[in-house]
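*Asks:* pasting a predicted model and its sequence here:
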Amino acid sequence: MVFICIVVLKFDDKHNIEGILGEHNMLKQEEPTDSDIVKDGNTVNVVITACERPGDNNLTDHMVQLNTLLKTIYLLSTTPVTVYFLHNQENIFKRAVLDVKEWGLETQHKIRLKSVPISYPQRLDSMIKEFKTCSPARLFIHEMLPDVDAAIFLDSDVILMDNIQNLWNYFRHFSSAQLVGMAATENIYNEVKNLPYYGPPGVGLNGGVMLLNLTRMRAMSGAGFTGSVRWVYSKYQSLLWRADQDILNIIFGTSPWYMYELPCTWNYVMWQCRVDAWAKENNPRTWDGKNQCKGAEKRGVSIMHGDPAKFGNNFEPLFEAVHKFWLNYNVAERLVDSLPNLRDSIKQVVERKEGASPCSKVEGIEHILLYRLETLAQSL
């Protein structure tokens with residue numbers, strides 16, 4: 001299967017958390033060095049993963065999603081992007097390269113793919129058999145890319161609706177302690193009773209979109225970020241139903257000063273506009289017709305996330321309409337001229353009387369899904 005993933009809180013009498021940074025000498029970080037700072041460079045680094053297992057019948061579907069993701073990166077970026085393609089079979093990488101070549105354009109000036117075989121740290125390779133083949137690999141990107149300072153990890157089931165440079169710019173907002181940026185958009189933690197997690201009650205981190213300061217991850221106290229993974233895996237191994245995502249939530253739920261919280265607009269998970277299909281318990285935060293990401297109502301969505309792999313099967317018709325648009329889009333066309341077709345497709349889903357989309361019940365959903373993309377297209 002393919003899977004394209006110091007601070008002390010000081011409260012005063014009013015429960016404010018101002019002055020979070022540098023409140024305790026034991027946790028105070030050294031001043032960042034030049035190699036520790038994400039500079040204004042000429043390239044954005046992106047990491048994706050793709051793995052193959054014997055008897056896997058979903059590889060083709062996931063490669064289609066991966067190609068769609070790469071297409072949105074290429075079309076919407078104004079900065080060259082280097083994509084580090086983590087895999088367990090070289091033929092998967094070669095297939096992705098061929099898919100990009102089929103666009104019929106010279107793309108090297110804008111997007112470059114680099115092959116990186118997946119490897120696991122010593123005594124942690126058991127994760128490969130226990131979890132899905134690719135999933136835990138995102139926890140060790142800092143080791144597989146030892147000469148890279150920073151990168152953005154993206155699941156294969158996400159679609160960009162914004163310039164990825166705008167996501168990269170959030171590195172500038174990191175404190176001297178923060179080493180990872182993620183969005184708290186995972187409602188499944190409403191059901192978690194025995195694990196710590198990061199986020200509001202019942203909402204945890206989703207690992208599909210991550211900003212990674214790899215230099216700081218390697219330098220993290222306690223044998224680097226891998227040391228924290230070892231500790232969590234050893235202590236909670238039998239309880240890690242969500243694998244790497246649980247591990248991330250435990251680390252940052254326990255030590256939140258390492259985490260920069262991204263806006264939900266940069267990881268608009270499908271369950272932000274409908275009831276989570278995987279939920280076994282009623283979540284009082286959610287119901288069909290309710291949008292949970294308030295920022296999207298004003299600024300629109302920058303990344304749509306199928307979560308997990310829910311594009312292309314008509315599970316949520318609105319998300320499928322967006323995916324189908326990008327899948328069939330000819331990269332040689334002007335985007336601004338083609339977007340009315342996408343708006344028409346979304347409008348048809350919203351106005352559908354039979355088989356209505358749960359997300360279509362959200363007031364202003366057309367604006368939520370399209371505002372950022374339509375605004376950006378005017379400047380491309």
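*Replies:* Structure's in. What do you need? Keep in mind that what you see is a predicted model, and the values were worked out from it rather than measured.
*Asks:* tell me how many other residues surround residue 217.
*Replies:* Residues near residue 217, counting by other Cβ atoms under 10 Å, number 21. (C-beta placed from N, C-alpha, C; glycine too.)
*Asks:* where do the helices of the protein begin and end?
*Replies:* For the chain, the helices defined by DSSP state H cover 59-76, 90-101, 127-130, 141-144, 164-168, 214-219, 224-236, 244-254, 294-299, 317-328, 335-350, 365-377.
*Asks:* how long is stretch 76-84 end to end?
*Replies:* End-to-end distance for stretch 76-84, by Cα to Cα, to the nearest Å: 18 Å.
*Asks:* and of the helices of the chain, who's closest to residue 117?
*Replies:* Ranking those by proximity to residue 117 (Cβ to Cβ) places helix 90-101 first, at 7.5 Å.
*Asks:* and the angle for the closest one with helix 59-76?
*Replies:* 50 degrees (axes from the mean of the first three to the mean of the last three Cα atoms, to 10 degrees).
*Asks:* residues in contact with helix 90-101?
*Replies:* Helix 90-101 has contacts (Cβ atoms under 8 Å, 6 or more residues apart in numbering) with 2, 50-52, 59, 63, 66-67, 70, 74, 85, 87, 107, 111, 113, 115, 117.
*Asks:* each with direction, which strands does the lengthiest strand in the chain pair with?
*Replies:* The longest strand of the chain (DSSP state E) is strand 204-213. Paired neighbours of strand 204-213 in the sheet (DSSP bridges): strand 150-154 (antiparallel), strand 180-186 (antiparallel).
*Asks:* out of the ones you listed, nearest to residue 193?
*Replies:* Using Cβ to Cβ, the nearest of these to residue 193 is strand 180-186, at 15.4 Å.
*Asks:* pLDDT on the closest one, on average?
*Replies:* Strand 180-186 shows an average pLDDT of 93 in the prediction.
*Asks:* residues making contact with it?
*Replies:* Here strand 180-186 has contacts from 170-171, 174, 198-200, 203-207, 209-213, 217, 245, 248-249, 252, 258-264, 266-269, 271-272, 292-293, 305, using Cβ under 8 Å, 6+ apart.
*Asks:* just how off-centre is that strand within its chain?
*Replies:* 8 Å (Cα atoms, centre = their mean, to the nearest Å).
*Asks:* again with stretch 89-97
*Replies:* That offset, for stretch 89-97, works out to 22 Å (Cα atoms, centre = their mean).
*Asks:* picking up where we left off before, just the buried residues from the contacts of helix 90-101, in PyMOL please.
*Replies:* Selecting the buried subset of the contacts of helix 90-101 in PyMOL, with 16 or more other Cβ atoms under 10 Å as the burial test, is done by:
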select buried, resi 2+50+51+52+59+63+66+67+70+74+85+87+111+113
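*Asks:* just to revisit the earlier point, only whichever of the contacts of strand 180-186 are buried, select them in ChimeraX.
*Replies:* Applied in ChimeraX, the following selects the buried portion of the contacts of strand 180-186 according to 16+ other Cβ under 10 Å:
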select :170,171,174,198,199,203,204,205,206,207,209,210,211,212,213,217,245,248,249,252,258,259,260,262,263,264,266,267,268,269,271,272,292,293,305
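*Asks:* switch the strands paired with strand 204-213 over to JSON lines; also include mean neighbour count and distance to residue 345.
*Replies:* Listed next are the strands paired with strand 204-213 as JSON lines, based on neighbours: other Cβ atoms under 10 Å; distance: least, Cβ to Cβ, whole Å:
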{"stretch": "strand 150-154", "mean neighbour count": "25", "distance to residue 345": "24"}
{"stretch": "strand 180-186", "mean neighbour count": "25", "distance to residue 345": "25"}
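*Asks:* output these in a markdown table; the columns should cover distance to residue 298.
*Replies:* Shown next, in a markdown table, are the strands paired with strand 204-213 (distance: least, Cβ to Cβ, whole Å):
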| stretch | distance to residue 298 |
| --- | --- |
| strand 150-154 | 24 |
| strand 180-186 | 16 |
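*Asks:* I appreciate the help and will end here.
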